[in-house]
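**Student:** Would you be able to build a 3D model of this:
(2 chains)
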There are 2 protein chains.
Amino acid sequence: MDIRTHIKKPTLLLDKAKCINNIKSMIDRAKRCNLTFRPHFKTHQAAEIGEWFRELGVDKIAVSSLQMAQYFAEHNWRDITVAMPVNLREMDTIDELAGKITLNILVESAESIHHLEAELNHKVNAYIKVDTGYHRTGIIADDTDSIQSLLNYIKASSQIKFKGFLAHSGQNYNASDTNEILKNHKECVLELNELKDVFRSQFPDLEVSLGDTPACSISDEFYGIDEIRPGNFVFYDMMQFVLGSCEENEIAVAMACPIIAKHANRNEIVIYGGGIHFSKEYLEADDEGTKLFGSLVNIKPDGWSPIMNGGFLAKLSQEHGIIKCNEDFFKEFQVGDLIGILPIHSCMTANLMGQYLTLEAETIKMMGK
Amino acid sequence: MDIRTHIKKPTLLLDKAKCINNIKSMIDRAKRCNLTFRPHFKTHQAAEIGEWFRELGVDKIAVSSLQMAQYFAEHNWRDITVAMPVNLREMDTIDELAGKITLNILVESAESIHHLEAELNHKVNAYIKVDTGYHRTGIIADDTDSIQSLLNYIKASSQIKFKGFLAHSGQNYNASDTNEILKNHKECVLELNELKDVFRSQFPDLEVSLGDTPACSISDEFYGIDEIRPGNFVFYDMMQFVLGSCEENEIAVAMACPIIAKHANRNEIVIYGGGIHFSKEYLEADDEGTKLFGSLVNIKPDGWSPIMNGGFLAKLSQEHGIIKCNEDFFKEFQVGDLIGILPIHSCMTANLMGQYLTLEAETIKMMGK
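**Tutor:** I've put the predicted structure just below:
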């Protein structure tokens, strides 16, 4: 079989063997570090890929929306954390889900707790979202007064059970190298341990959940942490490769795009594949503002090659992509050929594409498709 | 009725009255300038919105993929231009469509013409894609030798009928003001007229098609042009507003997003709404690299307010958005409230959202949803 014969238009290829290796490695790390493994399913969003985790013993997951929680609940996942601050406008959905599964939500304000207490008929577990340096959202981890005040409300609540503290070290995505990731991670683990120490006497069972692919991919230091929730590792991508979270050959997805035009006067190749396929995430390729929208690989009958030098995906409009390359590269590819592109951010690309084509030519659909 | 009671999660609101006004204005301009109006439907991608055009007399459209052509063909559109260089890997779909409707495609290489001639059973119209300065794709407009060579192949073909020249002045999106757009447009019109003059004797019926929302929104100078194909004007967006293509009150879509957290220590409001809802398109707000991911409006029972000063959408991760604001703005909005955001690029936002909610609380689904 030659997978290329199945590809007519921009297609997200999935190397199942690499993907399962990524899952196994993370399961091994969790076991080694004595951590509960609660993978974030927002990256793949597919029931079938979920089953690959389940077959390896995973039974708890995180998601990023209530719709995703509903979808995976329908596919027999019974312990789901919605890793976003609770949305007060979706109380009905929360209540319905809380009646069916073990639902864990995130709170970080008194209003949220009051609304949940007033409007829920079913019990729900709540983490307090804490901020360990990313400053996107959550209560600053050393603001123990605010945390105590929320905990007092939770204690008084009949519908909300306090589960623990949850953090996301998104700052690791801005790190310049793996040393910086490890340093950030150490600080974050320390902060969460301090927090645990403060509140352990009131809540002996409190758990601490942490999760970002960079730190979970390279660190074994999780002292005091109870659970990890990485998501992106299932596929990895160019952003993770550049950060040092993965090897190039661990990237488990590649876009395959037809070449639709060539421009010899400027060594540019035009592909069918644009912002509505890749998303417009980019990496800065140099100090002069050159943007990298993807690295190029050669699509082969049973997979793809290592990254090819000599060209890169330099520009995206809605459906067109522009590859800038040198003359040798330019000559190698013809109109009608496929070219492979390792995406910058696989979560965004997968979300746009809505389905995968495995190297065995099986189509895997995502939620809602 | 209060539209806000229908909004639980990130929702793309559509003001039908504004949208229909935008359609009518462009129809008027086309009539005034004696142009065929072939709107690009890639922006809205919805059969129902297509009907609003049809009711106003439109019967020709442009799309950006064969799948979109199939969808609109199923909804009784009988003259469709696929405004992308032809993809040789989708010959079956082209042939099937060409058997059902008047299908117009774009060619710019000898390979494409040879493949079409060899593989099609049904006749197809072809434009030669010309490049009038955007340098994304197409044959440079003054390269009449290359164009003549393609035309010779087309003349010899039994399946391909030459329709004319098609250009897209994407460079207008990089213009610094409306004067620059008008200047670019004038040059583009001139180039296309020169091209027409060269080939008119061989092809007396050749047509010239031009289309970009900025120029089509502000210029009345289309001498020698036969057809316009703008798309974005149906909704407009912040990018067009900043370019000067539209007034603020012509922007016909707004995202409505729930507030899920507030951070008083840094006057930041967190919304449920991220890169998977808006796309990550941004405008540069100043010379220091500040990014603008959307401008803020107040969602009202029957629509939205003018742009509110005091805050802007400053950051997007996958599902979270961060609004930076001043203290007054910060105090005005509470967790659980909605906030409205005018998107930077409505084509990308609509494509991600997949459906619209009109102010009359009607849901309009897009292709494939």
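**Student:** is it true that A:Ser149 lies in a helix?
**Tutor:** Yes - counting by DSSP: H, G, I helix; E, B strand; the rest coil, A:Ser149 falls inside a helix.
**Student:** distance of it from chain B?
**Tutor:** Distance, A:Ser149 to chain B, using CB to the nearest CB, to the nearest Å: 14 Å. No exception for glycine: its C-beta is placed from N, CA and C like everyone else's.
**Student:** got a list of what that residue touches?
**Tutor:** By CB atoms under 8 Å, 6 or more residues apart in numbering or on different chains, A:Ser149 lies in contact with A:Ala110.
**Student:** Next: the one 4 residues further on.
**Tutor:** A:Tyr153 makes contact with A:110, A:113-114, A:117, according to CB under 8 Å, 6+ apart.
**Student:** Helices along the stretch 151-300 of chain A, start to end?
**Tutor:** A:178-199, A:213-218, A:238-243, A:275-278 (DSSP state H, counting those that start in this stretch).
**Student:** closest one to B:Ile105 among those helices?
**Tutor:** Proximity to B:Ile105, assessed across the helices of the stretch 151-300 of chain A by CB to CB, is greatest for helix A:275-278 (19.8 Å).
**Student:** show me which of the contacts of A:Tyr153 neighbour chain B.
**Tutor:** Counting by CB under 8 Å from any CB of the partner chain, nothing from those sits close to chain B.
**Student:** so how far is chain B from A:Glu108?
**Tutor:** Separation of A:Glu108 from chain B (CB to the nearest CB): 6 Å.
**Student:** on that earlier part again, of all the helices of the stretch 151-300 of chain A, which lies closest to chain B?
**Tutor:** Checking the helices of the stretch 151-300 of chain A against chain B by CB to the nearest CB gives helix A:275-278 as the closest, at 5.0 Å.
**Student:** quick one on the thing from earlier: reformat the helices of the stretch 151-300 of chain A as a markdown table; add distance to chain B, mean pLDDT and mean neighbour count.
**Tutor:** What follows is those, written out as a markdown table (distance: least, CB to the nearest CB, whole Å; pLDDT from 0 to 100; neighbours: other CB atoms under 10 Å in any protein chain shown):
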| stretch | distance to chain B | mean pLDDT | mean neighbour count |
| --- | --- | --- | --- |
| helix A:178-199 | 17 | 95 | 18 |
| helix A:213-218 | 12 | 96 | 25 |
| helix A:238-243 | 12 | 96 | 22 |
| helix A:275-278 | 5 | 98 | 24 |
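**Student:** With distance to B:Lys315 added, can I get those in TSV?
**Tutor:** Compiled in TSV, the helices of the stretch 151-300 of chain A are given as follows (distance: least, CB to CB, whole Å):
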stretch	distance to B:Lys315
helix A:178-199	19
helix A:213-218	19
helix A:238-243	16
helix A:275-278	19
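**Student:** and B:Val86, which of these is closest to it?
**Tutor:** Nearest of these (CB to CB): helix A:275-278, 17.9 Å.
**Student:** name the helices or strands packed onto that closest one?
**Tutor:** In this structure, helix A:275-278 packs against strand A:253-263, strand A:311-316, helix A:346-353, helix B:346-353, with contacts taken as 3 or more CB pairs under 8 Å, 6 or more residues apart in numbering or on different chains; DSSP states H and E.
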